[in-house]
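Asker: sequence below, structure please.
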Amino acid sequence: MSVLMKLCYTVVNVLCAPLHVIHALGLYELYKRFFPLCQYKITKNYNKITHDVKKELFGKVSQFKPHGKQLTLLEIGCGSGANFQFYPAGCKVICTDPNHFFEKYLTNTMKENAHLSYERFVVASGEDLGAIEDESVDVVVCTLVLCSVRDAPQTLREAHRVLRPGGAFFFLEHVISDNDRSWTYFFQHVLQPLWYYFGDGCHMTRATWKHLQNAGFSELNLEHIKAPIVFLIEPHISGYAVNNTWKCV
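Answerer: This next block holds a predicted model:
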């Protein structure tokens, strides 16, 4: 299957040549104007499918609220605010995303979720959260983001930096199939060149759980799950990591 997979990947990659050229010329940036609308529509269906998973996951956020203080939550790659409905009432949310065209949809979602307070929207990539102070937030959230950042380990280092001691990093990500003999694994690799452009830099072939295991968190609660969606992105990981101690990696 390995030889066949490489052959099929090459064919798909060649067929994507026009997209490669568009990207090289900088014209792909135009897609970033339309991607927020696509993501906004897809998110509604994704939230229905993963409702119970998100409700259970983010139901644990409240336990990281400092005694007598408001919980401050930073979301990396907030997109259109798909997770807001699951956050505990009264928490303060800081939003970051590298695509400023999301702000229009983000504003609408904020109005729909008045149980939260919003500090600001920062245009920033996960790898560079310089606008956020060290140890300034209680919880960092990252969903369907580590698949598309340029440098996942650096993004996790930034999450470490901005989290206060005792804070937590929450995640829900689609990942590469852990069965390298499955058809899911096969097509994730074969269709990756096309998926990269469709998903605005998304990678189906990342073993993101390995980055989390090596990120230096003092406690990692991670579960492999299957989301009932298109088989290419059915494999997911869900959980949270606690930042009790800092270990440079």
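
Asker: may I ask which helix or strand of this structure has the lowest mean pLDDT?
Answerer: Least confident helix or strand, the chain: helix 31-49 with a mean of 88, by mean pLDDT, DSSP states H and E.

Asker: what's the nearest residue to the residue sitting nearest the centre point of the chain if we skip its chain neighbours?
Answerer: When CA atoms, centre = their mean is applied to the chain, the residue found nearest the centroid is V145 (2.1 Å). In space, and not counting its chain neighbours, V145 is closest to G77: 3.5 Å by CB to CB, 6 or more residues apart in numbering. All C-beta spots, glycine's among them, are computed from the backbone N, C-alpha and C.

Asker: could I get the contacting residues of the one you found?
Answerer: Taking CB atoms under 8 Å, 6 or more residues apart in numbering, we find G77 in contact with T96, D97, P98, G126, C142, T143, L144, V145, S148, V149.

Asker: okay, the fifth one: pLDDT?
Answerer: The per-residue pLDDT reported for C142 equals 97.

Asker: wait, a strand at it?
Answerer: Yes: C142: assigned to a strand according to DSSP: H, G, I helix; E, B strand; the rest coil.

Asker: number of residues surrounding the residue nearest to it when sequence neighbours are not counted?
Answerer: Nearest non-adjacent residue to C142, counting by CB to CB, 6+ apart: I76, 4.7 Å away. Using other CB atoms under 10 Å, I76 is surrounded by 29 other residues.

Asker: which strand residues bridge I76?
Answerer: Judged by DSSP bridges, the bridge partners of I76 are T96.

Asker: burial of S148, as a residue count?
Answerer: 19.

Asker: so it sits right up against D200, yeah?
Answerer: Yes: contact criterion CB atoms under 8 Å: S148 and D200 qualify, at 6.5 Å.

Asker: how close does N83 get to E127?
Answerer: According to CB to CB, to the nearest Å, N83 and E127 sit 20 Å apart.

Asker: Y9 now?
Answerer: Distance, Y9 to E127, by CB to CB: 27 Å.

Asker: equivalent analysis for V14, please.
Answerer: Computed as CB to CB, the V14 to E127 distance reads 31 Å.

Asker: could you list the buried residues of stretch 146-154?
Answerer: Buried residues in stretch 146-154, counted by 16 or more other CB atoms under 10 Å: L146, C147, S148, V149, A152, P153.

Asker: off-centre distance for it?
Answerer: Distance of stretch 146-154 from the chain centroid (CA atoms, centre = their mean, to the nearest Å) equals 9 Å.

Asker: can you give me the helices in the protein?
Answerer: Assigned by DSSP state H, the helices in the chain fall at 2-15, 17-24, 31-49, 51-58, 103-112, 152-162, 183-190, 192-198, 208-213.

Asker: okay then, goodbye and thanks.
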